[in-house]
Structure formats: C-alpha cells, structure tokens
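# sequence and predicted structure, then a few things I'm wondering about:
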Amino acid sequence: MVNELDATNAFDPAITDSKGETGLRRYYGALMLVRDPAPAWDIFTKNVDALMEPYQPFGPLYLSQYTPELFWRAVPLDDMDAWIKQKVPADMAPQLSHGMESARFKRSEQTLMQKAADAAVAAKMPSAQ
C-alpha cells in the first residue's frame, strides 16, 4: 500500500532509484497507485510531455486510447476528451473514441455495481417499523 508521502515521492521526476534511473520511469505507474484519482490526474496533466517522451513515437496512442481507461474516475469524461484532443493529432480520433468508450463502460459498470451493492445491503437490513 502506498501512503501519501510515498506517492508524492514516487511522482518526483528528480528522484533517482538505487539503479540511478530517474523517477520518470516509475512516475506513470505510480499514478495508478493513488486512491484518489483527481490528484493523480492533476499530476499527470502537468507532466504529460515528460511522461510520454520515453514512449515516443507511441505517446499519442497511449494518450488517446489508454488514458481514458486509467483516469475515468478522475474528471468528467467530456473534459478528459477535450483535453486529450488538444494533445494528440486529429488522426488519433478512432483510438480516442475507443478509449472514451472504455471509460464510459467503466463508469456505467460502476453505477450498476453501486446499485447492486445498495440493493444487497438494503435486503440485509431489518426493515424499519
């Protein structure tokens, strides 16, 4: 489990590990370990160019297709879609569409699971008389 201090340190691109590698290699993965996705999204968006640099020429693909799957809980999906469109070439539209579809599916799945959990808890609770 990562606590806040560990997560903050993991996000610092200036920190090097015992092998002498910068934090950027760990940075992207560490974002996924944070419980609250909003700060992770904020850190991601502020550092996206440095984060994607090692993955070029595939950075636009990762941004368009996989970012929505990872950060679907962090921000409204329309805001995410607009932000990603500003960062990737227009010809990445099919990949962005696929990524946003995955995010919408995860969001609807979460809603259904919450309803099912609420119904299960309500069924176990003694009725008030």
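Structure's in. What do you need? Quick caveat: nothing in here was measured; it's all calculated off a predicted structure.
# just the pLDDT at the spatially most central residue of the chain, thanks.
In the chain, the residue lying closest to the centroid (C-alpha atoms, centre = their mean) is Phe71, at 2.4 Å. pLDDT, Phe71: 90.
# that one reaches Ile43, doesn't it?
No. The criterion here is C-beta atoms under 8 Å, and Phe71 misses it with Ile43 at 10.9 Å. For the C-beta atoms, the positions are set from N, CA and C on the backbone; glycine is no exception.
# picking up where we left off before, so the residue nearest to the centre of the chain versus Ile84, what's the distance?
Applying C-beta to C-beta, to the nearest Å, the value for Phe71 to Ile84 is 10 Å.
# could you do Met52 as well?
12 Å.
# give me the common contacts of the two.
The contact sets of Met52 and Ile84 overlap at Leu63 (C-beta atoms under 8 Å, 6 or more residues apart in numbering).
# ok, the two, which is more surrounded?
Comparing Met52 with Ile84 by other C-beta atoms under 10 Å, the one with more neighbours is Ile84, at 23 against 18.
# just checking, that one touches Ser97?
No. In this structure Ile84 lies outside contact range of Ser97 using C-beta under 8 Å: 10.8 Å.
# tell me how the chain divides into domains.
The chain is divided into the following domains under automatic domain parsing: 1-47, 56-123.
# weakest of those domains by average pLDDT?
When I compare those, domain 1-47 is least confident, with a mean of 60.
# what are the buried residues along whatever helix or strand Ile43 lives in?
Element membership for Ile43, per DSSP states H and E: helix 37-46. For helix 37-46, burial by neighbour count (16 or more other C-beta atoms under 10 Å) applies to 37, 39-41, 43-45.
# for Gly59, state which of those residues is nearest.
Distance to Gly59 across the buried residues of helix 37-46 (C-beta to C-beta) is lowest for Phe44, with 12.8 Å.
# wait, that closest one sits on Met52?
No. Counting by C-beta under 8 Å, Phe44 stays clear of Met52, with 10.1 Å between them.
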